[in-house]
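Student: just a sequence and a predicted model for now, questions to come.
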Amino acid sequence: MTFDSRTSATEVHPSVYSDREIFDEEIERIWERLWIYIGHDSEVDGRGDFVTRAIGPHPVVLHRAHDGGIMVFHNQCPSCGELLIRKRRGGLRQLRCSSCGVNGTMPGGPAGPVIVARVDSHQGFVFASMAPTGDSLHEHLGHALPYFDKAVQFSPSGRIRVVGELRTVVRANWKQPLENACEGYHAVYLHRSVFGGAFADAGGEAATKLRLNEDSRWSIDLGRGHAVLAYAGAEQAAADSAIHKLGLDHDDEAAYVEALGDAWGEDRARQILDEGMDHLAVFPNMALVNQDIRTFTPLAPDRTIISQYLMVLEGVPASLNTARRRFENNAYGPAGMIGADDLDVFERVQFTAPASTSADRMVLTRGLQREQHLDDGRVVGKGPDEAAQRALWRYYDQLLAG
Amino acid sequence: MADLMRSSSLRLHPETATCFAVRQFLVHEARLLDRREYEAWEQLWSNVGRYVVAGPSDADPIEMAVVDDDRAHIAARVRRLTSGNVFADAPPASLSRQLANVTVERGDENPSSLVAKSQFQLTACRYGRMTNWIGSLEHHLDASSFPSFSLDQKRVVLVNRDDPLPTFSYLL
């Protein structure tokens, strides 16, 4: 089967989840070419700090150099190829390969590891691209940029601190968690044990009602594979805040609203609070979901690491960050009360993918007839529509078929 | 159990009796979890209640945990697991766990608190796949109504806490 017959925006052959040749093509055409999210600059706050991350299959290091600049370099001895840094995080003084003994100068130096071709950031979110030329990060993020701005504007200072790292290994293809992060219809069915079980009395019913009302949210294709599931208004966001346990006591809420108003003006503050944080999927490897940063690292067609990080707000009542942390720990991760059901579905889809016949197709036509094409290129559907999923596959098809 | 220890033919040193009772409690808890008797398991908890499955060892400065439930969230987790809609545990994994190396110490919280430390191994089988969970347990017990206990805190530390973990929808 040629690639051309496997995907379009509305029909996908399941072998794109399981085929090794496709996976190898993706490494070359997506992971080694596009801007890949690496980490947030607050994770390497001090000079010399590092965290180890990946660009697809390539291990890299996010590092705050001693001159204060941010760099991303390949975590590999340039002489013998050995993995240089084995810790997840720490401080970097000197690089020395334990196998060939090469005493590296620092990254980019004559015997040091190779620096990744391009690094840029927006609101502290650091991206890197192995391609020496191509679109700028701002061109790549495009219509997704305002959602990064909003994520940090929940802090009156406009700054966040990203903490923690919890990694889950799922026996599924990397595209599944990306599609899932901004998909508006599965929650009421798949997460019934939470909305209708664990938190039925604490906002779960309101959250279910919200999701069954197709006008409560938008499913938006932002272009270049990015997509968002956004609340359509204050009432909708409020219906979810109860289940997210982000309700503050009266004094804390008043102080927070005032601080946000002072920082961004009353209208913008009201908008931020009314809309809440949307579910943003950034092609190909990250999502912002409420307080959660999620990244996807492909290991094999049927194996992916999902990493999660917590966005801690600056200058807000402590109770707000406590609530965000509680929700993060409770909802997501290997045993997350919400996330575990998603992870299991990814594995079940993966289970059947290799058995697909050439006639099998996954169909993504929900809401196709009623989606609106805006002048700026965005395509807007309603909550349970698949405009967001078509966004991903349309771009994917463009990248792989060319 | 209480009857067994009070019986006249069995005269145990008080410390031995305490250790014995704690071991019985730990094994009882393990069996409830293997059998998914989650509502009975929830009854073991005191009002304090904190259930933690630790995250990576270098998590800093705010710990990101696999599970970090206060008493209300323990109840919520049990409501989820007994809701009949836990798709991630359908069909349910078959579970078998073993405890070993149990020691019992006095706790700091109050005169009647005890801390039991142990090692555990849990094998879970689902979809023909075996998953092994190995690690250490710390149970903080309120012994004020000895020889029965209530659970103030349970902390699980997995040997592979620093590696990516597979998903699970049962309790460690």
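Tutor: Cool, the structure landed. Residues are numbered from 1 along each chain as shown, chains lettered A, B, ... in the order given.
Student: what are the bridge partners for the residue positioned nearest the centre of chain B, then?
Tutor: In chain B, the residue lying closest to the centroid (C-alpha atoms, centre = their mean) is B:Lys154, at 5.6 Å. Assessed by DSSP bridges, B:Lys154 has beta-bridge partners B:Tyr51, B:His139.
Student: quick one: low-confidence parts of the chain?
Tutor: I'll assume chain A. Scanning chain A for pLDDT under 70 picks out A:1-5, A:103-104, A:234-247, A:402.
Student: chain B was what I was after
Tutor: B:1-10, B:59-62.
Student: residue boundaries of the strands in it?
Tutor: Applying DSSP state E to chain B gives strands spanning B:45-53, B:67-70, B:94-106, B:113-126, B:129-142, B:150-158.
Student: quick check: the residue nearest to the centre of chain B touching B:Tyr51?
Tutor: Yes. The pair B:Lys154 / B:Tyr51 is scored as a contact, 5.2 Å apart, by C-beta atoms under 8 Å. Every residue, glycine included, has its C-beta placed from N, CA and C.
Student: the lengthiest helix in chain B versus strand B:129-142: what angle between them?
Tutor: Across chain B, the longest stretch assigned as helix under DSSP state H is helix B:14-34. Taking axes from the mean of the first three to the mean of the last three C-alpha atoms, to 10 degrees, one finds helix B:14-34 and strand B:129-142 inclined to each other by 140 degrees.
Student: contacts for helix B:14-34?
Tutor: Residues from elsewhere that reach helix B:14-34 (C-beta atoms under 8 Å, 6 or more residues apart in numbering or on different chains): B:1, B:5, B:12, B:38, B:40-41, B:44, B:95-99, B:102, B:104, B:114, B:116, B:118, B:120, B:137, B:139, B:141, B:143, B:146-149, B:151, B:170-172.
Student: buried ones among these?
Tutor: B:5, B:38, B:41, B:44, B:95, B:97, B:99, B:102, B:104, B:114, B:116, B:118, B:120, B:137, B:139, B:141, B:143, B:146-147, B:149, B:151, B:170-172 (16 or more other C-beta atoms under 10 Å in any protein chain shown).
Student: got the angle between the longest helix of chain B and strand B:113-126?
Tutor: 30 degrees.
Student: quick one: buried residues of helix B:14-34?
Tutor: B:17-22, B:24-26, B:29-30, B:32-34.
Student: using PDB, write down the CA coordinates of that helix.
Tutor: Once non-C-alpha atoms are left out, helix B:14-34 reads as follows in PDB (Å, rounded to 0.1, in the frame of the first residue of the first chain):
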ATOM      1  CA  PRO B  14       3.100  -7.700  74.300                       C
ATOM      2  CA  GLU B  15       5.600  -6.700  71.600                       C
ATOM      3  CA  THR B  16       5.200 -10.000  69.800                       C
ATOM      4  CA  ALA B  17       1.400  -9.700  70.000                       C
ATOM      5  CA  THR B  18       1.600  -6.200  68.500                       C
ATOM      6  CA  CYS B  19       3.800  -7.400  65.600                       C
ATOM      7  CA  PHE B  20       1.600 -10.300  65.000                       C
ATOM      8  CA  ALA B  21      -1.500  -8.100  64.900                       C
ATOM      9  CA  VAL B  22       0.100  -5.700  62.500                       C
ATOM     10  CA  ARG B  23       1.200  -8.500  60.200                       C
ATOM     11  CA  GLN B  24      -2.400  -9.800  60.200                       C
ATOM     12  CA  PHE B  25      -3.600  -6.300  59.400                       C
ATOM     13  CA  LEU B  26      -1.200  -6.000  56.400                       C
ATOM     14  CA  VAL B  27      -2.100  -9.300  55.000                       C
ATOM     15  CA  HIS B  28      -5.800  -8.600  55.400                       C
ATOM     16  CA  GLU B  29      -5.300  -5.300  53.500                       C
ATOM     17  CA  ALA B  30      -3.300  -7.100  50.800                       C
ATOM     18  CA  ARG B  31      -6.100  -9.600  50.300                       C
ATOM     19  CA  LEU B  32      -8.800  -7.000  50.100                       C
ATOM     20  CA  LEU B  33      -6.800  -5.300  47.300                       C
ATOM     21  CA  ASP B  34      -6.100  -8.500  45.400                       C
END
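Student: wait, which of the buried residues of helix B:14-34 is closest to chain A?
Tutor: Nearest to chain A out of the buried residues of helix B:14-34 is B:Leu33 (C-beta to the nearest C-beta; 13.2 Å).
Student: ok, B:Val52 to B:Thr82 distance?
Tutor: Note on B:Val52: its distance to B:Thr82, by C-beta to C-beta, to the nearest Å, is 21 Å.
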